[in-house]
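Student: sequence and computational prediction follow.
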Amino acid sequence: MYGILKKTASKCSHISQTYSIGRSVEGKDLLAIEFSDNPGQHDLLEPEIKLIGNMHGNEVLGRQLLIYLAQYLCSEYLLGNERIQTVINTTRIHILPSMNPDGYEIAASEGHEYNGWTSGRANAQNLDLNRNFPDLTSIFYNLAPETYAVMKWIRSFPFVISASLHGGELVISYPFDLSRHPQEDRMYSPTPDEQIFRQLARTYADAHATMSNNDTERCMSDFNYLHSNCYEITVELGCDKFPSEMELYPEWLRNKEALLSIKGIVKDEHGNGIKGATISVRGMRHDITSAEDGDYWRLLNPGVHIVTAAASGYSKVSKRIHLPRKTLVGRVDFVLKKVPRAPSLDYFNIPELDNYEKFKRTACI
């Protein structure tokens, strides 16, 4: 895997690079590959997505699909595929094919015909990595190095969308996987963005040749939602955790189409981006924050929304926006004014609700 990823990055060095997000218990690199028209840099208003595979070492299908995806993005970009070129030129894609290389080695040593449902599932500390993230009720955590590396990764990049690829079922799940009531672990626990997660899950399921949509318990997606701006779905790719090599390429063909909002900048009066500004939507109890240069991305369903930007030391600004169906990306910028030392209470809110924001129809990325 390491050789393939590095060879792919070298072949497409103008749009790709590899980097390590950390190491496993046994010291193996958790190697990721990135695709962008400016690899290594965050471009203003360019969304970042991540794809993670092989969280359970014996679930090899996601690992191989992501390796195929990396090769596909590189080769198709070089061949002039306009769709792939548009995706890479307007999106920063991060791919981590194996989060659990230690577990994978155990599973691979037994081979696909003899591998059970548990051999190699956990890491070298015998920890299930998808039960190792902070949940809604725990205070102290025994974090595996792989878990810590991914948590740090999530917090280091302004990811907007993510998918974690698994095996053993043929379903999609999304937050919350854990109920806020510890004694009611099977209780339905929707997030404030339930409809958005349903749309993301349905988009993947509809693009996949044979997939349906269902619920299953997972935890890394909860961490993404609670501790970052990222919306992650968990994709169970099939019932066979460790398919044979001959079965892997047909699985790639079934999945490649599925693998393949509003946005704006929060600035001060001088045009400088404001980092860490809070973007809230009336009626939704989940805020996001602006990135280093003040840019942000917020997934929304079609309709009318009141969106507010606020930052410490600045007045907050609210805007009424209308997202019609099939308008794929809307641009909503905010300019926040510095708050005087002794402002009146009225100065803190500058509603701009008289007019709707107008959006041009743009291509979906």
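Tutor: Good, I have the coordinates.

Student: tally of neighbours for the nearest residue to residue 310 once chain neighbours are set aside?
Tutor: Excluding the flanking residues, the one nearest residue 310 by CB to CB, 6 or more residues apart in numbering is residue 316, at 3.7 Å. Every residue, glycine included, has its C-beta placed from N, CA and C. Residue 316 has 19 neighbouring residues, counting by other CB atoms under 10 Å.

Student: surely residue 316 meets residue 307?
Tutor: No: shown here, residue 316 and residue 307 do not form a contact pair, counting by CB atoms under 8 Å, at 10.9 Å.

Student: check which residues of the strand or helix carrying residue 67 are buried.
Tutor: Using DSSP states H and E, residue 67 sits in helix 60-78. Buried positions in helix 60-78, judged by neighbour count with 16 or more other CB atoms under 10 Å: 60-74, 76-77.

Student: would you state the helices of this protein in chain order?
Tutor: Remark: helices assigned in the chain by DSSP state H are 2-11, 60-78, 82-90, 101-110, 145-156, 194-207, 220-227, 245-259.

Student: ok, of those helices, where does mean pLDDT dip lowest?
Tutor: Averaging pLDDT over each of the helices of the chain singles out helix 245-259 as the lowest, with a mean of 48.

Student: quick one: residue 323 from residue 303, how far?
Tutor: Residue 323 is 6 Å from residue 303, where distance means CB to CB, to the nearest Å.

Student: which of those two has more neighbours?
Tutor: residue 323 (21 against 10).

Student: isn't the more buried one right up against residue 298?
Tutor: No: the pair residue 323 / residue 298 is not scored as a contact, 10.5 Å apart, by CB under 8 Å.

Student: need the overlap of contacts for the two.
Tutor: The contact sets of residue 323 and residue 298 overlap at residue 262 (CB atoms under 8 Å, 6 or more residues apart in numbering).

Student: next up, the contacts around residue 338.
Tutor: Applying CB under 8 Å, 6+ apart, the residues near residue 338 are 268-269, 313-315.

Student: in PyMOL, how would I select just the buried ones from those?
Tutor: This is how PyMOL selects the buried members of the contacts of residue 338, with burial counted by 16+ other CB under 10 Å:
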select buried, resi 268+314+315
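
Student: in the contacts of residue 338, find the pair that's most separated.
Tutor: 269 and 313 (12.4 Å; CB to CB).

Student: in stretch 1-13, what's buried?
Tutor: In stretch 1-13, counting by 16+ other CB under 10 Å, buried: 1, 5, 8-9, 12.

Student: swap in stretch 18-37?
Tutor: Under 16+ other CB under 10 Å, the buried positions of stretch 18-37 are 18, 21-22, 24-25, 28-37.

Student: many thanks, I have nothing further to ask.
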